[in-house]
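[1] next one to model:
(chains A and B)
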Amino acid sequence: MTHHQPSRRRFLAGLGAAGAAALLSGCVTSGSSGKSSSGGAVTLQSNLSAPQAKAAMEDLVAAYGKKGEVRLNTVAAETFRTQLPTYLTSANPPDVYTWYPGSVADAYARKNLLLDLGEVWASPELRGYSKALNTLCTASSGKKVFVPTTYYWWGMFYRKSNFAKWGVNEPKSWDEFLDLCDKLRSKGVTPVGLGAGGNTAWVASAWFDYLNIRVNGAAYHRDLLAGRHRFDDPEVRKVFDRWQEVLPYFDPDGTAVAFQDASTSMLNGRSAMMLIGTFFADAAPKDALDDIDFFRFPVVDPKVPLAEEAPTDGYFAGARTGRRDEVIDLMRFLGTAEAQEIYIKGSSGTVLPCHPDAKDAGTPLVLKGRRHVEEAAEITQFFNRDSSDALQPTADNALTRFIAEPKSIGSILTTWQRDAEKIWNA
Amino acid sequence: MTTTSAAVRRRRAATAGFHLGAGTLALLWLLPIGLVLVTSLRSFDDIAANGLGSWPHSFTLDNFRQAWVDGGQRRALINSLLVTIPAVLVTLALASMAAFALSRYELPFRRSLLLLMLGGNLLPPQILLVPVSKLSELMGLHDTLTALIGVQIGFGVGFYVFVLHGFMRAIPAEIQQAAVVDGAGPWQIFWRIILPLTRPALAALSALSFTWVFNDLLWAITVLRSDTKMPITAALIGLQGQYVSMWNVIAAGSVIAAAPTVAVFLRFQRHFVAGLNLGAVK
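    This is a model prediction of the structure:
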């Protein structure tokens, strides 16, 4: 039996050597392919996985197809979110990505993971973009890293027929809003739907964002989310004092059902209104769409400059791309009015184009939405987009707890500040 | 007289209670499956207008078409089978050979080898996500089905060796000795004696591993990146929108995705139960 031993050992050694060699050669080839992969189709990694949005993206890619080659790669939104850092750091990454501008893009830009798109911004297609969008797409290093294409808005959505039935009107000020809630409750309707249950706890952050930009202003809000103020400051406390005034009118199931179910309740008249983004219209039956209207989040302090939440979507490109020229060309196309109109036509049509000359869907709701955003002096994005995806769960925890036990707001804010510090200092 | 009738009555009550309890449990267990089936047959407008939990007001088979064609489930199902079938076959082939060697021969370090395999199974796979992703990239296999098959084999083999080793060890040594006396070599013993005797365990394991590999999502999204290569589980979460999900299409997609595993289980269920029993009573 013993004479078998050496041969087996030699065999195993050989196997190990072969494996190591395969690994090393893999190293070499991948190292070289990282540089030499220029040419070929540009990969556009998209998180727009909903059937309608996906079809709109396919239209967009087909329209560009006359000028160059693009391979559209649609990945589930949740997968995309968790895999994005891996994509950006991999050796042979996708080239262009759908994502958000502002502090989210800046976080990647600071790690040198994003391609400088200054050339795209210098092109005639993007010259007409507003100054606000310009600032939004500039990283802290001063480089342009993002091409914005569409945005949507948040507001207090309701059904026109229901408001008419209950004999109530849109409020303007905070006091009028509280009166409205009181009146609705006396008619046996839940005044305010929330939908921060299921896996959409983040919806509650819209209330925090809006109350903060109404009470303390957009500048303070951005500073707070960037860690330049504290969540246990008296200013933040004032936000929750206001919230407590309206909290009794909230749907008691607010933190139990997801926003999709909450919007169904609103459409059925079980609740009267809801602070939500226009994307919720995708979850509405077609025959209800014409009946949907919205009003501006009530003004709390008229001295504070009017700000609205209007999250912008668009594209950035990875710095490790091997097809820089093709990427720049595609980005220029995505910035045109033509490309944005194609996307809006194919998608559900509740988004607005970023290009000043591009036509929107033209429905009364969208026209009103466009005016709504244009009247605002300042634009904020959304809690996670103005801070980071890492900070969002701290808000979810704090706000869910606040809605359940508003009395213990002091300790909630202390905890929130402690959790946020861990993320800011990480 | 009265005491016996009381006993009979008590026994009847116990039987009724048992059936009632077990029946309720079974119903509770079937309720979510029923809900998925009903949802898959409703239209989106119906769900949006009446909510997910209401009685159905519509009937449509279009959701299945949407999931199959627009949702790309046909392609995804092919990908899943392309990964699952080779992965199951190769894993079982490798594992049965390893288990044969470890259980029937006095190999050095066989205890440590087995413990190593068991230890590998106790390790949570999540901590290996980044290494696996980087390694597949380094070897130029990233975003290929080969990489996914490789990962599935690598992570499956340890557990199967462990199970098959326990099973093969229970086969009496005399059978093998008789074969040796008749002049059979190790290969013949493995192929003609041990493997046929291990069939129940192999059938049970193949049903199990088919489900595990087929239902895996984690490794698929770790080593794959293109939507055309994603297996059915990844295609299923792809049906969820960024904000709004069409639950009827997702439910239809889930029914499609569950069909192959159910079919495999129905086909192998006799072996499966037998395999479990044989493993338990040595």
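
[2] what segments of the stretch 1-150 of chain B are helices?
    Under the criterion DSSP state H, counting those that start in this stretch, the stretch 1-150 of chain B carries helices at the ranges B:2-39, B:44-50, B:62-65, B:73-104, B:110-122, B:129-138, B:145-169.

[3] contacting residues around the shortest one?
    Helix B:62-65 is contacted by residues B:40-43, B:248-249, B:251-252, B:255-256 when judged by CB atoms under 8 Å, 6 or more residues apart in numbering or on different chains. Every residue, glycine included, has its C-beta placed from N, CA and C.

[4] if we use 6 Å, what do you get?
    By CB atoms under 6 Å, 6 or more residues apart in numbering or on different chains, the residues outside helix B:62-65 that reach it are B:40, B:248-249, B:252.

[5] can you redo the residues you listed as a markdown table with secondary structure, pLDDT and neighbour count?
    Converted to a markdown table, those look like this (DSSP: H, G, I helix; E, B strand; the rest coil; pLDDT from 0 to 100; neighbours: other CB atoms under 10 Å in any protein chain shown):
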| residue | secondary structure | pLDDT | neighbour count |
| --- | --- | --- | --- |
| B:40 | coil | 93 | 22 |
| B:248 | helix | 90 | 27 |
| B:249 | helix | 90 | 25 |
| B:252 | helix | 93 | 29 |
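
[6] burial of residue A:227, as a residue count?
    Residue A:227: 15 surrounding residues under other CB atoms under 10 Å in any protein chain shown.

[7] name the nearest residue to it, sequence neighbours excluded.
    Closest residue in space to residue A:227, ignoring its immediate chain neighbours: residue A:424 at 4.0 Å, by CB to CB, 6 or more residues apart in numbering or on different chains.

[8] isn't the one you found up against residue A:228?
    No - between residue A:424 and residue A:228 there is no contact under CB atoms under 6 Å: 9.6 Å.

[9] can you give the domain ranges for the chain?
    I went with chain A, as the question did not name one. With domains defined by automatic domain parsing, chain A comprises A:42-150+A:311-358, A:154-309+A:379-424.

[10] to clarify, I was referring to chain B.
    Domain ranges of chain B: B:2-39, B:64-280, per automatic domain parsing.

[11] among those, which comes closest to residue A:155?
    For residue A:155, the closest of the domains of chain B is domain B:64-280, at 15.4 Å, according to CB to CB.

[12] from the chain's centre, how far out does that closest one sit?
    Distance, stretch centre to chain centre, for domain B:64-280: 8 Å (CA atoms, centre = their mean, to the nearest Å).

[13] re earlier: next, format the domains of chain A as TSV and append mean pLDDT.
    Output for the domains of chain A, formatted as TSV (pLDDT from 0 to 100):
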stretch	mean pLDDT
domain A:42-150+A:311-358	90
domain A:154-309+A:379-424	93
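
[14] so which of the ones you listed is nearest residue B:23?
    For residue B:23, the closest of the domains of chain A is domain A:154-309+A:379-424, at 29.5 Å, according to CB to CB.

[15] first-to-last residue distance for that closest one?
    Domain A:154-309+A:379-424 has an end-to-end distance of 27 Å (criterion: CA to CA, to the nearest Å).

[16] which stretches of the stretch 101-250 of chain A form helices?
    Here the stretch 101-250 of chain A has its helices, by DSSP H, counting those that start in this stretch, at A:103-109, A:118-122, A:131-136, A:160-166, A:174-186, A:204-215, A:218-225, A:234-246.

[17] contact partners for the closest residue to chain B within the stretch 101-250 of chain A?
    Nearest residue of the stretch 101-250 of chain A to chain B: residue A:200, at 8.4 Å (CB to the nearest CB). The contact partners of residue A:200, by CB under 6 Å, 6+ apart, come to A:258-259.

[18] what count of nearby residues applies to the residue of the stretch 301-426 of chain A at minimum distance from chain B?
    Distances between the stretch 301-426 of chain A and chain B by CB to the nearest CB are smallest at residue A:348, namely 8.8 Å. Number of residues near residue A:348 (other CB under 10 Å) recorded here: 19.

[19] for chain A, what lies in contact range of chain B?
    By CB under 6 Å from any CB of the partner chain, the part of chain A that sits against chain B consists of A:26-27, A:29-30, A:49-51, A:73-74, A:76-77, A:79, A:90-91, A:264, A:279, A:282-285.

[20] which positions in chain B make contact with chain A?
    B:45, B:48-49, B:51, B:70, B:137-140, B:221, B:226-227, B:237-238, B:241-244.

[21] one more pass at 7 Å, please.
    Chain B comes close to chain A at residues B:45, B:48-49, B:51-52, B:66, B:70, B:133, B:137-140, B:221, B:225-227, B:234, B:237-238, B:240-246, as judged by CB under 7 Å from any CB of the partner chain.

[22] report the buried members of those residues.
    Neighbour-count burial (16 or more other CB atoms under 10 Å in any protein chain shown) is assigned, among the residues of chain B next to chain A, to B:45, B:48-49, B:51-52, B:66, B:133, B:137-140, B:221, B:225, B:227, B:234, B:237-238, B:240-246.

[23] which of the domains of chain A sits closest to residue B:85?
    In terms of CB to CB, the element of these nearest to residue B:85 is domain A:42-150+A:311-358, at 24.3 Å.
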